[in-house]
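1. Following is a predicted model, sequence given first.
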Amino acid sequence: MSILSVLVVDDHAMFRTGVRAELERLGTGRVEVVGEAEDVDSAVEAIARLRPEVVLLDVHLPGGGGPEVIRRTHAGTTTFLALSVSDAAEDVIGVIRTGARGYVTKNISATELLDAIDRVAGGDAVFSPRLAGFVLDAFAGTIEVAQVDEDLDRLTEREREVMRLIARGYAYKEVAKELFISVKTVETHVSSVLRKLQLSSRHELTRWANDRRLI
């Protein structure tokens, strides 16, 4: 069996280091981590230079996010496997629509990650169990993907983060602590989200997010 070349793309250096160490520890003779990248521009450059067979790609990256890396990549032999902390439907569907072959969350074990790398390199589609349903629902028409995208495009990245936490039941103080911002800033973002989405309360926001599989 040939050794698969892998590029790790994530904006957190400690996470990249940990993934590399685990793959090198368990993947001897199966995979070789040929490089790392921390944002969209460095990822595109590294893919063009290294031509990795599999890219482990975080969804949220400085410079435009994981989908932007795929859009700007012209290495036809490279396969993308999204590896993200997010399990939100719009992130899963967005990166798959752009061209990723699979999507797994960061609580995956190193052994499971190795298996996922092997499988996407071999042409399989790989998803963490809960996430497969999002993709099936999207293609079956259960989730109105275009409408979800249009609604979310009205929100900034920070507003999306606040929206998801509020919809999950976090108090303003908890959101502030989670995102390292002030309670006043949280209040401002919530007001902006409600106005942009034409909603009148956090109860409506929770229902809106739940209907779109965003929480």
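-> Cool, got the structure. The shown structure was predicted, so the numbers you read here are calculated from the model rather than taken from an experiment.

2. In three-state terms, how would Asn107 be classified?
-> coil (DSSP: H, G, I helix; E, B strand; the rest coil).

3. So what does it have for phi and psi?
-> For Asn107, the backbone dihedrals are phi -90, psi 10 (criterion: degrees, to the nearest 10).

4. Which pLDDT value does the model give it?
-> Looking at Asn107, its pLDDT stands at 86.

5. list the contacts for the residue nearest in space to the middle of the chain?
-> Residue closest to the average C-alpha location in the chain (CA atoms, centre = their mean): Val59, at 3.0 Å. In this structure, Val59 makes contact with Gly65, Gly66, Pro67, Ala82, Ser84, Ser86, Asp91, Gly94, Val95, judged by CB atoms under 8 Å, 6 or more residues apart in numbering. Placement of C-beta: from N, CA and C, glycine included.

6. can we see that at 6 Å?
-> By CB atoms under 6 Å, 6 or more residues apart in numbering, Val59 lies in contact with Gly66, Ala82, Ser84, Ser86, Asp91, Val95.

7. Could you do Thr79 as well?
-> Going by CB under 6 Å, 6+ apart, the list of residues near Thr79 reads Val54, Arg101, Val120, Ala121.

8. repeat for Gly63
-> So Gly63 contacts Asp39, Val40, Asp41 (CB under 6 Å, 6+ apart).

9. what's around the first one, how many residues?
-> So the one you mean is Asp39. Counted with other CB atoms under 10 Å, the neighbours of Asp39 add up to 18.

10. Save the contacts of Thr79 as JSON lines, and put in pLDDT and distance to Ser128 too.
-> Output for these, formatted as JSON lines (pLDDT from 0 to 100; distance: CB to CB, whole Å):
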{"residue": "Val54", "pLDDT": "96", "distance to Ser128": "17"}
{"residue": "Arg101", "pLDDT": "91", "distance to Ser128": "14"}
{"residue": "Val120", "pLDDT": "94", "distance to Ser128": "13"}
{"residue": "Ala121", "pLDDT": "92", "distance to Ser128": "18"}
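
11. Quick one, which of these are buried?
-> With burial judged by 16 or more other CB atoms under 10 Å, the buried subset of these is Val54, Arg101, Val120, Ala121.
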